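In: Show me how the following folds:
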Amino acid sequence: MRPRSAALLMMTPLWLVLSAQTRSALFIGNSYVTTNDLPEMVRLVALSLGDTLEVMAVAPGGYTFQQHASLPATQQAIAQQGWDFVVLQEQSQIPAFTPELVEENCYPFAQRLVEQVRANDSCTAPVFYMTWGRENGDAGNCAAWPPVCTYAGMQELLRERYLFMAQTNNAACAPVGAVWQQVRAMYPGIDLYIADGSHPTEAGTYLAACTFYASLFRRSPVEAWFPVSLGATVGAQLQSMAADVVLDSLPTWNIGTSDPDAAFTWSDEGEGVVQFQAGSVVGQHAWFFGTEGGSDAIAPVHVFGSVGPHTVLHTLTDACGRMDSSWVEVTVIGTGISNVTEASAYEVASSAEGALLVQGGGRGERLWLYDQLGRELRSSVLVNDALRLSGGDHAHLWRIIAPDGSVHTGRVKRSVLR
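Out: Here you go, the predicted model:
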């Protein structure tokens, strides 16, 4: 289920502030996914905090991105529905191999999987699962590639390569390995590895689950459910560490970089006339000028009908239904349209029949018409030197943006242009 509802908060993606969220996630990987049933543990963490997560996994032991890219079961799972998230986990050693081997055996197939995910649903968010270095390094590859001889060396390479895959594929990264590293440093008494020095204990899987909850829902897992066997102290420590590492550094993990941004600028033109400009031109815009109406334009001009402070809210919704909002308080000193600049290059006048005639355009300019309170009535692209527009009975103010970017405003004249 994709985020559709909204609440009005400052500079916050609106789907993130719902009292309860419902999401779906497909996990593609191997035994690092299936050990202790990581997807189910993420689901339980979410459920305990009031959120719903539908999960599914395709994770044969030891599988690589290359194998998944051509595995029918993986393709069928991707195509099963429009997932909110598809988690991608490479075989645990491959991303730490030499640059040449990673370039050949990892990156191309990571890209192919992302392309397959987006071909099924362009709104699905791919999420790379940053895994952790082996407890004492990768002994099997140490002689041929010394950087992986230690945990620290292997972990550094895994972090670097997973972040590279996230950034180059415009995807997010769930930084399980980074949280794992912090837990090893801060709480050495917590055993994260089983005897093989690679796979996670229940504590290690719970750490991963908290990290995924924070990464997918962008909420803290603190006070979430935890396995009874961990004990309250360890559970709380893992929750807090996941929250700190993920939520304090969302841009580091490439989380939220594709979100809509409703930020905007405005300028006071005097006499109650305020020009607004959205920072992004892509998406559906909605402006609310307090009790004085609204607009769906990218750059509306509003004439406030009363002095004093007015709260202006702008929301931006992208093609996937994700929404962001931003607001500002505009203080109007005086109102009216008497001081609107008349541009000599253009002229707009009404006819006795209620039509509008525009002169001076015809070169691709964009025209907006507003009523006496600055509410947008319509917009049009000028294609003729003298353009006749119907429905101009209530137009009092006009604005034109010329091809060179210059902005012209004026009052509609109550006479016929000849």
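In: Isn't residue 299 up against residue 274?
Out: No - contact criterion CB atoms under 8 Å: residue 299 and residue 274 do not qualify, at 11.3 Å. To be clear about C-beta, it is placed using only N, CA and C from the backbone, and glycine gets the same treatment.
In: Measure how buried residue 35 is and give me the count.
Out: Residue 35 is flanked by 19 other residues according to other CB atoms under 10 Å.
In: cool, residue 332 as well?
Out: Residues near residue 332, counting by other CB under 10 Å: 19.
In: for residue 249, same thing?
Out: When counting by other CB under 10 Å, one arrives at 12 neighbours for residue 249.
In: go on, the one 10 residues further on?
Out: Close neighbours of residue 259, defined as other CB under 10 Å, add up to 18.
In: Residue 345 contacts residue 358, correct?
Out: No - using CB under 8 Å, residue 345 makes no contact with residue 358, being 11.4 Å away.
In: What's the first helix or strand after the longest helix along the chain?
Out: Criterion DSSP state H: the longest helix present in the chain is helix 151-168. The helix or strand immediately downstream of helix 151-168 is strand 172-174, counting by DSSP states H and E.
In: other SSEs contacting that following strand?
Out: Here strand 172-174 touches strand 125-129, helix 151-168, helix 202-217, going by 3 or more CB pairs under 8 Å, 6 or more residues apart in numbering; DSSP states H and E.
In: How far away from the center of its chain is the longest one?
Out: Spelled out, that is helix 151-168. 22 Å (CA atoms, centre = their mean, to the nearest Å).
In: hmm, back to that, show me what counts as buried in the longest helix of the chain.
Out: In terms of neighbour count (16 or more other CB atoms under 10 Å), helix 151-168 has its buried residues at 151, 153-159, 161-166.
In: Could you tell me the end-to-end distance of stretch 294-312?
Out: Taking CA to CA, to the nearest Å as the measure, stretch 294-312 stretches 9 Å from start to finish.
In: my guess is residue 199 meets residue 31, correct?
Out: Yes - in this structure, residue 199 is within contact of residue 31 by CB under 8 Å, at 6.4 Å.
In: how about the strands in the stretch 301-418 of the chain?
Out: For the stretch 301-418 of the chain, the strands defined by DSSP state E, counting those that start in this stretch occupy 301-303, 308-317, 323-332, 347-350, 356-359, 366-370, 376-381, 386-389, 397-401, 407-411.
In: do you know which of these lies nearest residue 38?
Out: strand 323-332 (30.0 Å; CB to CB).
In: The residue nearest to residue 79 when sequence neighbours are not counted - how many residues pack around it?
Out: Of all residues not flanking residue 79 in the chain, residue 120 sits nearest, at 5.4 Å (CB to CB, 6 or more residues apart in numbering). Residue crowding around residue 120 was assessed by other CB under 10 Å; the count is 17.
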